[in-house]
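**Q** All I have is the shape, not the residue letters:
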């Protein structure tokens, strides 16, 4: 049976375990007490969730239960009380073939779908947009090479008040400048580092790739839902490793085009990058700036 068919058969039963303890309002970020993966919004993450929930977890569970049952049986059946004269048998050909062959078959069953998933992750399809990401100690730099737009993204501490214990939410995940990308678009991300090894990670995208000095790595994804998605540097990179959040805004293609046009103007005039959430809110409220309205139209 093809993997797609297996997904359809088992998805309704086991596919939801990764989101069992998550709430829809916080689907794009970690939640207190959460178990499993963050909800998926890409086909890459769909495959990872399927591989974990439908294939790995049943195999791990059955193997653990079987070994535990076998250990308990051996402790009972061959205890000194029940077996005062132990057997002198040292070899059993059939048993040795079984305990060698069965694990090999299990590994083959795991390997076949994992190879396809790895292939899909590493082989970049035809893409419509490319961005470049550079890891620095301790912030991220982004560039849209085709548009000539670039900026740095640092942690956003606005609203934090250590004296009262009030912190900006989500804690240590927001940035002063967000990565804005269009929905339903094949996007390639070229990743490198300026100093030490970092790791650019967005759990809901199924994306995690090291940023290595002197080498450009790449990942790709296609997000099918608009929203805000968070990640963090996932490679210990020094003192402020925990202060390298990643914030990605997935918006409609029309909103992305408007934001990009405004970002180009901001670059030329030396202004801060536009906030796409404010632009969308202004458009919905009919209070958009002339630049935004002209671009959207």
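**A** Perfect, I can see it now. Everything quoted here is computed from the prediction, not taken from an experiment.
**Q** Below-threshold pLDDT in the stretch 51-200 of the chain: ranges please.
**A** Within the stretch 51-200 of the chain, no range satisfies pLDDT under 70.
**Q** residue ranges for the strands of it, please.
**A** 129-136, 139-144, 149-153, 179-182, 187-193, 198-202 (DSSP state E, counting those that start in this stretch).
**Q** Of all these, which one is nearest residue 50?
**A** Among those, strand 198-202 comes nearest to residue 50, with 18.5 Å by Cβ to Cβ. C-betas here are computed from N, CA, C, even on glycine.
**Q** now for that closest one, which elements pack on it?
**A** strand 129-136, strand 207-211, strand 227-232, strand 245-251 (3 or more Cβ pairs under 8 Å, 6 or more residues apart in numbering; DSSP states H and E).
**Q** That strand: which residues count as buried?
**A** Neighbour counts using 16 or more other Cβ atoms under 10 Å place 198-202 of strand 198-202 among the buried residues.
**Q** Tell me what angle it forms with strand 187-193.
**A** For strand 198-202 against strand 187-193, the angle between stretch directions is 160 degrees (axes from the mean of the first three to the mean of the last three Cα atoms, to 10 degrees).
**Q** Break the protein down into its structural domains.
**A** Domain assignment of the chain by automatic domain parsing yields the ranges 3-122, 129-249, 252-297.
**Q** Surely residue 210 touches residue 237?
**A** No: contact criterion Cβ atoms under 8 Å: residue 210 and residue 237 do not qualify, at 10.4 Å.
**Q** Touching both of the two, which residues are there?
**A** Between them, residue 210 and residue 237 share these contacting residues under Cβ atoms under 8 Å, 6 or more residues apart in numbering: 197-198.
**Q** coming back round to it: okay, the strands of the stretch 51-200 of the chain, which one's buried deepest?
**A** Counting by mean count of other Cβ atoms under 10 Å, strand 198-202 has the highest mean neighbour count of these, with a mean of 25.
**Q** hang on, the earlier thing: could you dump the strands of the stretch 51-200 of the chain into CSV and include distance to residue 58?
**A** Formatted as CSV, the strands of the stretch 51-200 of the chain follow (distance: least, Cβ to Cβ, whole Å):
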stretch, distance to residue 58
strand 129-136, 36
strand 139-144, 38
strand 149-153, 40
strand 179-182, 35
strand 187-193, 33
strand 198-202, 27
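**Q** Quick check, residue 228 in contact with residue 246.
**A** No: taking contacts as Cβ under 8 Å, residue 228 lies outside contact range of residue 246: 10.9 Å.
**Q** between the two, who's got more neighbours?
**A** residue 246 (22 against 18; other Cβ atoms under 10 Å).
**Q** What residue, apart from its backbone neighbours, is nearest that one spatially?
**A** Leaving aside its sequence neighbours, residue 246 sits nearest to residue 231 (Cβ to Cβ, 6 or more residues apart in numbering; 3.9 Å).
**Q** backbone phi and psi for residue 274, please?
**A** phi -70, psi 150 (degrees, to the nearest 10).
**Q** For it, which non-adjacent residue is closest in space?
**A** residue 262 (4.3 Å).
**Q** measure the one you found to residue 212 for me?
**A** 33 Å (Cβ to Cβ, to the nearest Å).
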